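[1] sequence and predicted structure, then a few things I'm wondering about:
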Amino acid sequence: MGAVLKAAHRAPGAGHRIEGILVQGGTVWTPSGARRADIRVRGEAIVEIGALAPGPHEQVIDAAGLHVLPGMIDVHVHVDDTVGQREVADTFPTASELAVRTGVTTVAGFVTQRPGETLTDAVERCRARAHERSHCDVAFHLTPTVWPWDWAEVEGLVSAGFTTFKLYTTYRESGLFTSYDRFGVVMERLASLGARLLVHCEDDGALATMDASGLDFSDPRTYAALRPELAEVVAVERTLELAARTGCGVHIVHVSTADALARIAAARGRIAVTCETAPHYLRFSDAVLAEGHGHRYLCTPPLRGETTRVRLEADASAGSFDLFATDHCAFTRADKDARRDDIRAVPKGLAGIGALVPVLFELLVKRHHRPLGELALRLAANPAKLLGVYPKKGAIAVGSDADLVLLDPNGLPHPVVSTLAAAYETYPGRTTTLNVCRVLLRGRVVVEDGALAGARCPRGLSPCVGVATR
Ligand SMILES: [Zn+2]
């Protein structure tokens, strides 16, 4: 195992400091499949997997009848940040609490450089927000906004473990728009550094040609109409062309159309491309925009028609998405409602962090009869690979961090909760039978019976260090 780097910060001490733990008798989902096994934990790591007898000073955790999965990872959350001039509703304390209680042990947020700030300053600003305030591990993707990028600084940050960058093909008004020419320059440099580029794909030119005259801006469906599927498809095509030319690894965030996904699928093997979708594109169509509270469901890209949603659900169950991530971006109910008469002024984004695991479980495992290993693959292993931290994260293997989730798939139905903040619930009325019984984060029990176990431990015990290693 290499040096611990500073790409992210680690959660403060939570749970017990114990000599050693034996997780006994569970069905363990390793990268090679599921088997009955015991897991020995020493310090922060898994040291042994097999048929193991408890040692004299070991705490035994009975996992009989339970499934043991690697701690899951949400690679796309907006927390403790300003998005589109508004503070999001969730802070690291609230978001990370719900994350660990639902089996998510690492989240990745975004560092967006502000005017007058170096990228390194921006990193420090964001890390400070997470520092000793998070119940889970936190990583960050970087968005430089000053052109040209300071390549020496970027190179230093990549060496320090920040291996993922994110750019947008639109959002001129926020100063986030990047032209395809600049994408090409960035991708050539990132390819040479071995870094990956995350891309928000909505072609700005396609959006600009939409005629907004005479449209009803009190109707949430207008927002969706002005951001058509074609804009995503065009931007994905351009991004794939650039990736092919530059050899840069790309990850397409929040894919919302089956046509774009088909382009990505066709490019696999030829290009190092991966993609994600968010659970809300699988569970909701634009029909919810027509209901009384449609403004609550405004997000970017917008929810699509039912035909597309059905195709995306089929694609998800067939394994066409490398991973799922929430794009958690909760705004307070007051902020969502303040200008609901004008959809241009409604902040765009949905809560989702607490829904990632239960919604995908209900969809893939219960509805489409996929094995629980789908969650281990697409909510743990593949996200860890994107972050460059696999198999330290995202796998139950000797040497991996002891991030473990003990699950009972057949619990009593209970509500899906997507946020602890004062934001609208994205999945009202939806339930899950998935019980998160216990969660270990780097060898510490952080969740017991669905509740935080960390209150019993003084905060700030563990060092604040990065999840990224190599
Ligand atoms: Zn996002």
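    On my side now, so go ahead. Numbers count the residues shown, from 1 in each chain.

[2] tell me the pLDDT at the closest residue to Ala99 other than its chain neighbours?
    The shortest distance from Ala99 to any residue that is not its chain neighbour, by Cβ to Cβ, 6 or more residues apart in numbering, is 4.8 Å, and that residue is Cys136. Glycine gets a C-beta too; all of them are placed from N, C-alpha and C. The predicted local distance difference test score for Cys136 is 94.

[3] which residues touch Cys136?
    For Cys136, the contacting residues are 11, 96, 99-100, 104-107, 441, 446, taking Cβ atoms under 8 Å, 6 or more residues apart in numbering as the criterion.

[4] which of these are buried, as a PyMOL select command?
    In PyMOL syntax, the buried subset of the contacts of Cys136 is picked out as below (16 or more other Cβ atoms under 10 Å):
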select buried, resi 11+96+99+100+104+105+106+107+441+446
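
[5] pull the most distant pair out of the contacts of Cys136.
    Based on Cβ to Cβ, the longest span within the contacts of Cys136 runs between Val107 and Val446 and measures 13.6 Å.

[6] buried residues, stretch 394-409. List them.
    Applying a neighbour-count criterion of 16+ other Cβ under 10 Å, the buried positions in stretch 394-409 are 394-397, 400-407.

[7] meant to ask about stretch 47-57, not that
    Of the residues in stretch 47-57, those with enough neighbours to count as buried (16+ other Cβ under 10 Å) are Ile49.

[8] who touches that stretch?
    Contacts with stretch 47-57, where a contact means Cβ under 8 Å, 6+ apart, come from 19-20, 22, 24, 28, 30, 37-41, 60, 396-399.

[9] and those residues, which are buried?
    Of the members of these, the ones counted as buried by neighbours, 16+ other Cβ under 10 Å, are 20, 22, 24, 28, 30, 37-41, 396-397.

[10] out of those, list just those in strands.
    20, 22, 24, 28, 30, 37-41 (DSSP state E).

[11] which two in those are spaced the farthest apart?
    Taking Cβ to Cβ, no two of these sit farther apart than Gly20 and Thr30, at 20.0 Å.

[12] related to what we said a few turns ago, from the ones in strands among the buried ones among the contacts of stretch 47-57, which shows the smallest pLDDT?
    The lowest pLDDT within these belongs to Gly20, which sits at 94.

[13] what's the distance between the nearest residue to it once chain neighbours are set aside and Gly247?
    Counting by Cβ to Cβ, 6+ apart, Glu58 is the residue found nearest to Gly20 once chain neighbours are left out, at 4.6 Å. Distance check for Glu58 against Gly247: by Cβ to Cβ, to the nearest Å, it reads 48 Å.

[14] the two: who's more crowded?
    More neighbours sit around Glu58 than around the other of Glu58 and Gly247, counting by other Cβ atoms under 10 Å; the figures are 18 against 13.

[15] which residues touch the more buried one?
    The neighbourhood of Glu58, defined by Cβ under 8 Å, 6+ apart, consists of 19-22, 40.

[16] gap between Leu441 and His76?
    Between Leu441 and His76 the computed distance is 20 Å (Cβ to Cβ).

[17] what about the helices in this protein?
    Listed in chain order, the helices found in the chain under DSSP state H are 92-101, 119-130, 151-159, 180-193, 204-208, 220-226, 229-246, 258-267, 279-283, 306-317, 333-338, 356-360, 373-376, 382-387.

[18] Asp81 is nearest to which of those helices?
    Relative to Asp81, the nearest member of these by Cβ to Cβ is helix 119-130, separated by 7.5 Å.

[19] so which residues make contact with the closest one?
    In this structure, residues lying in contact with helix 119-130 by Cβ under 8 Å, 6+ apart are 8-9, 80-81, 91-92, 109-114, 117, 138, 140, 142, 144, 146, 149-150, 153-154, 156-157, 162.

[20] next, the angle from it to helix 92-101.
    With axes from the mean of the first three to the mean of the last three Cα atoms, to 10 degrees applied, the angle from helix 119-130 to helix 92-101 works out at 70 degrees.

[21] tabulate the CA atom coordinates of helix 119-130 in PDB.
    What follows is helix 119-130 as a C-alpha-only set of coordinates in PDB (Å, rounded to 0.1, in the frame of the first residue of the first chain):
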ATOM      1  CA  LEU A 119      -7.200  25.800  -7.500                       C
ATOM      2  CA  THR A 120      -5.200  24.800  -4.400                       C
ATOM      3  CA  ASP A 121      -7.000  27.500  -2.400                       C
ATOM      4  CA  ALA A 122     -10.300  26.100  -3.600                       C
ATOM      5  CA  VAL A 123      -9.200  22.600  -2.600                       C
ATOM      6  CA  GLU A 124      -8.300  23.800   0.900                       C
ATOM      7  CA  ARG A 125     -11.600  25.700   1.200                       C
ATOM      8  CA  CYS A 126     -13.600  22.600   0.400                       C
ATOM      9  CA  ARG A 127     -11.600  20.200   2.500                       C
ATOM     10  CA  ALA A 128     -12.000  22.500   5.400                       C
ATOM     11  CA  ARG A 129     -15.800  22.200   5.100                       C
ATOM     12  CA  ALA A 130     -15.500  18.400   5.300                       C
END
